[in-house]
Structures are given as structure tokens and as C-alpha cells.
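[1] Take a look and give me a structure for this.
(one chain, ligands or ions: 2)
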Amino acid sequence: MKLDATDIRYLSSEEFRVLTAVEMGSKNHEVVPTSLITQISKLKSGGINKILGSLAKRGLVSRVQNAKYDGYRLTYGGYDFLAIRALSKRDSVTAVGNQIGVGKESDIYVVTNAEGEERVLKLHRLGRVSFRAIKSKRDYLGKRKSATWMYMSRLSAQKEWAFMKVLHENGFPVPKPLDQARHCVLMELIDAYPLRQISEHPSPGTLYSSLMDLIVRFAHAGLIHGDFNEFNILIHRVTGEPIVIDFPQMVSTRHANAEFYFNRDVECIKTFFLRRFGYQSLVWPRFSRIIKEGEKDEESFRLDVVVAASGFGRKDQEELEKYMEMQGGDDDRSQSESEEESDEDEHSEAVPLNDNDVVPESGSDKEQGVENASEQDSDDESRTS
Ligand code: ADP
Ligand code: MG
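    Numbering: from 1, shown residues only. Ligands and ions are numbered 1, 2, ... in the order given. The predicted model follows:
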């Protein structure tokens with residue numbers, strides 16, 4: 001989806017009021033009746049049609065004529081506009097640049113602030129793919145039958161923001177979170193390649209260990225990434241350090257299916273290293289062991305608890321999770337599997353890391369949780385440090 005932010009600041013106050021009225025009306029109406037828009041925006045009905053017409057022309061709302069009544073719907077573009085305008089009012093974003101990523105559930109742009117510093121804006125787009133399927137299948141949304149995509153996209157952004165903040169504050173290698181509005185998260189731009197693009201590595205064992213150590217570190221803090229794979233691990237161009245992104249599916253180690261998610265993350269790394277680097281290790285972290293170790297930790301170090309207390313509560317998490325489960329398989333993993341066959345193309349665009357590139361130091365000193373640490377293969381020199 002094209003994001004047009006060239007004229008974020010140019011909307012008359014009346015247009016802005018009407019656009020906001022459409023957004024508010026969307027909470028309870030799939031198609032917001034023009035009469036309701038008039039009522040919410042408190043504008044004379046004479047002028048409103050003209051304003052709605054101009055908003056529709058700019059693609060911020062779309063007119064819907066249905067059997068019962070005529071009305072308008074907020075478009076993705078309109079929701080983007082409102083979010084970016086909010087960020088621009090706070091001077092977090094002043095210009096929108098290139099799109100650097102498009103997932104099934106997000107669009108990623110490089111943006112700049114007033115000082116010209118580059119940042120990453122992630123627009124969450126839940127419901128883009130299967131909104132209709134979900135609507136027809138489920139009724140759990142209860143009264144909130146309309147605007148599911150808006151609500152869920154915002155919830156997803158709020159979750160990502162909450163987790164990224166807590167992780168960053170606790171020294172995890174994640175982008176620095178900078179701001180959040182509606183369905184958007186603004187974060188530090190990492191100068192990195194996704195792991196997926198790296199075709200060769202001077203020491204896959206070292207990288208493997210540091211990634212498994214990260215999984216263990218997350219778990220010791222009560223968390224499981226839930227989508228820990230070559231798309232969501234960035235390798236810093238200068239330091240070679242892995243940086244983890246993409247948090248809407250994170251779960252607590254106390255989640256009913258925690259062990260399943262944990263093993264799946266571990267398995268993703270094992271599979272990728274074997275397939276890409278022909279690298280296989282005899283060691284990998286085991287859930288039960290890590291949980292046992294975690295029990296010794298103070299409650300205050302349970303970041304799952306910290307997040308739940310930070311404003312993104314359990315109810316929100318459950319609601320988002322239910323929704324994501326329904327979408328089933330719309331994550332990066334299914335992307336990864338489907339691309340397995342096109343490995344050729346993948347390699348042609350892949351970037352080899354050469355020996356001059358810095359390789360991450362030993363993953364960490366946390367050997368606990370890794371079985372048979374002594375059998376760590378010889379490829380992994382820095383382990384001995
Ligand atoms: P999705 O939920 O769609 O998978 P991600 O958060 O994983 O979205 O981001 C998609 C892609 O955008 C990543 O694979 C990466 O290439 C790029 N990207 C995301 N965040 C950053 C960032 N902070 N710095 C640099 N690149 C990023
Ligand atoms: Mg991703």
C-alpha cells in the first residue's frame with residue numbers, strides 16, 4: 001500500500017474534524033452514516049458533503065452506499081494520515097521516505113524527524129489479508145463488529161511498543177522505541193541486514209550460540225519471542241551483532257503453550273542454520289531446564305509481568321492472541337516455508353559476510369540452559385572465552 005504523507009500538515013481544521021468524526025463513528029459502525037458524521041463533527045450539514053467529498057478524493061475516506069443508508073468508511077490511508085499527523089504534531093516524524101519492508105501484517109517506512117534523523121515507522125496492518133474470512137467465521141468480537149482492522153492493528157502496535165520498551169530498558173538487543181500512535185510504532189533505524197540475506201558467515205557456530213543465548217535470556221526474563229526467525233533477526237552491518245525485531249506475537253513463559261512456542265523458536269534457528277550454512281550443533285536450549293533456572297529469579301525480573309503492568313494488560317494480550325490464532329499462519333514463518341523452494345533467488349540477493357566483518361563476540365556467558373555445553377563444536381572459538 002502506498003503511503004502518501006506529502007501533505008500531512010495540509011488539512012483544514014474542518015476537514016480534520018470530519019475525518020476524526022469518521023474515525024470515531026467507525027467504532028460502532030461499519031459504514032458511518034453521514035448524519036452521524038455531521039453530529040459528531042458538529043458542522044452544519046450543508047458544508048459536510050463538500051468536505052467528505054474532498055476527503056474521499058484524497059482517499060482518506062470512502063463512500064459506501066448500502067441498502068439501509070449512505071455513509072463513509074475510514075480507509076487505511078485515512079487511518080495512516082491520522083496517525084502520522086499525530087506523530088508529526090509531536091515532531092517525531094516530519095517526512096516520510098522510502099518503504100523498506102512490506103509484510104502481510106505491516107508496512108515499514110524510513111522517516112525523518114525535524115533534525116533529519118532517520119527512523120523506522122512500522123504501520124501495523126492486521127486484517128488486511130483475511131478480514132472477511134474472520135468476519136464470516138467468528139462472532140467473538142461481540143458488539144465490536146466494525147472496524148476490526150483498525151482496532152486490531154492498533155492493539156498490535158500497542159503490544160509491540162510495550163514489549164519493545166521493556167526489552168530495551170532491560171538491555172535486550174532491540175531497536176530503541178521512540179513513539180507510538182494508533183497503529184504505528186516509531187523506532188530506531190538499525191543499520192543491518194536481515195539474517196535471511198546472509199549467505200555466508202565466517203563463524204556460524206558463534207552466531208548460532210549468540211542466538212540461542214538470546215532465546216535463553218528472553219526466557220529467563222519470562223518471555224518467548226514467538227516468531228524468532230531469519231526475518232526477524234537483523235545482523236548489524238558494522239558490529240555483526242544480532243538485533244531482534246517484530247514483537248506482536250510475544251508470549252509469557254507462563255502461557256499455556258509456552259513450551260510449544262519456545263521449541264518452535266529454537267527449531268527455527270536450528271533449521272535455518274542447517275539449511276543455510278550446513279551448520280548443525282549438538283546443543284540447544286531446553287524449556288524445562290530454563291524454567292527451573294528462571295524460578296530462582298526475583299519476580300521483578302519477570303518482564304512478562306512488567307509488560308502486563310505497563311498498560312498492555314492481560315485482556316488486551318488475550319484478545320490480540322485470539323485474533324492472531326484465527327489468522328493462523330499469516331506470520332513470517334509461513335513466508336519462510338513458502339520461499340524454501342526459491343532458494344536460488346534468495347542466494348542471488350544474499351550478502352556474504354566476509355572475514356573483515358566483525359563477528360559477534362561470544363553469545364554470552366550464560367551456559368546454563370544449554371545442554372552439553374562442553375560438546376559445543378570447535379567452530380565456536382569464542383565460547384571458550
Ligand atoms: P512484519 O511484522 O511485517 O514481519 P517486521 O517488524 O518484521 O514486520 O519488519 C519487516 C522488515 O522491515 C524487517 O525484516 C527488516 O528488514 C525491516 N525493519 C523492521 N524494523 C527495522 C528497523 N528498526 N531497522 C531496520 N530495518 C527494520
Ligand atoms: Mg517480521
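[2] Do a quick rundown of the helices in the protein.
    With DSSP state H as the criterion, the chain has helices at 13-26, 34-41, 45-57, 76-89, 131-137, 148-169, 204-220, 258-277, 287-294, 303-309, 314-327, 332-338, 343-348.
[3] Mean neighbour count for the ones you listed - can I get that in CSV?
    (C-beta placed from N, C-alpha, C; glycine too.) Formatted as CSV, the helices of the chain follow (neighbours: other Cβ atoms under 10 Å):
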stretch, mean neighbour count
helix 13-26, 20
helix 34-41, 19
helix 45-57, 15
helix 76-89, 22
helix 131-137, 12
helix 148-169, 22
helix 204-220, 23
helix 258-277, 18
helix 287-294, 16
helix 303-309, 19
helix 314-327, 15
helix 332-338, 15
helix 343-348, 11
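[4] so which of these gets nearest Ala114?
    helix 76-89 (9.6 Å; Cβ to Cβ).
[5] Now tabulate the helices of the chain in JSON lines and tack on distance to ligand 1 and mean pLDDT.
    Below are the helices of the chain laid out as JSON lines (distance: least, Cβ to the nearest ligand atom, whole Å; pLDDT from 0 to 100):
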{"stretch": "helix 13-26", "distance to ligand 1": "23", "mean pLDDT": "94"}
{"stretch": "helix 34-41", "distance to ligand 1": "32", "mean pLDDT": "94"}
{"stretch": "helix 45-57", "distance to ligand 1": "28", "mean pLDDT": "90"}
{"stretch": "helix 76-89", "distance to ligand 1": "15", "mean pLDDT": "93"}
{"stretch": "helix 131-137", "distance to ligand 1": "16", "mean pLDDT": "49"}
{"stretch": "helix 148-169", "distance to ligand 1": "8", "mean pLDDT": "94"}
{"stretch": "helix 204-220", "distance to ligand 1": "15", "mean pLDDT": "97"}
{"stretch": "helix 258-277", "distance to ligand 1": "14", "mean pLDDT": "98"}
{"stretch": "helix 287-294", "distance to ligand 1": "24", "mean pLDDT": "88"}
{"stretch": "helix 303-309", "distance to ligand 1": "18", "mean pLDDT": "88"}
{"stretch": "helix 314-327", "distance to ligand 1": "11", "mean pLDDT": "85"}
{"stretch": "helix 332-338", "distance to ligand 1": "5", "mean pLDDT": "50"}
{"stretch": "helix 343-348", "distance to ligand 1": "14", "mean pLDDT": "37"}
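[6] Distance to Asn98 for the ones you listed - can I get that in a markdown table?
    Shown next, in a markdown table, are the helices of the chain (distance: least, Cβ to Cβ, whole Å):
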| stretch | distance to Asn98 |
| --- | --- |
| helix 13-26 | 26 |
| helix 34-41 | 34 |
| helix 45-57 | 26 |
| helix 76-89 | 15 |
| helix 131-137 | 27 |
| helix 148-169 | 21 |
| helix 204-220 | 28 |
| helix 258-277 | 27 |
| helix 287-294 | 40 |
| helix 303-309 | 31 |
| helix 314-327 | 28 |
| helix 332-338 | 21 |
| helix 343-348 | 22 |
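[7] Cool, thanks, talk later.
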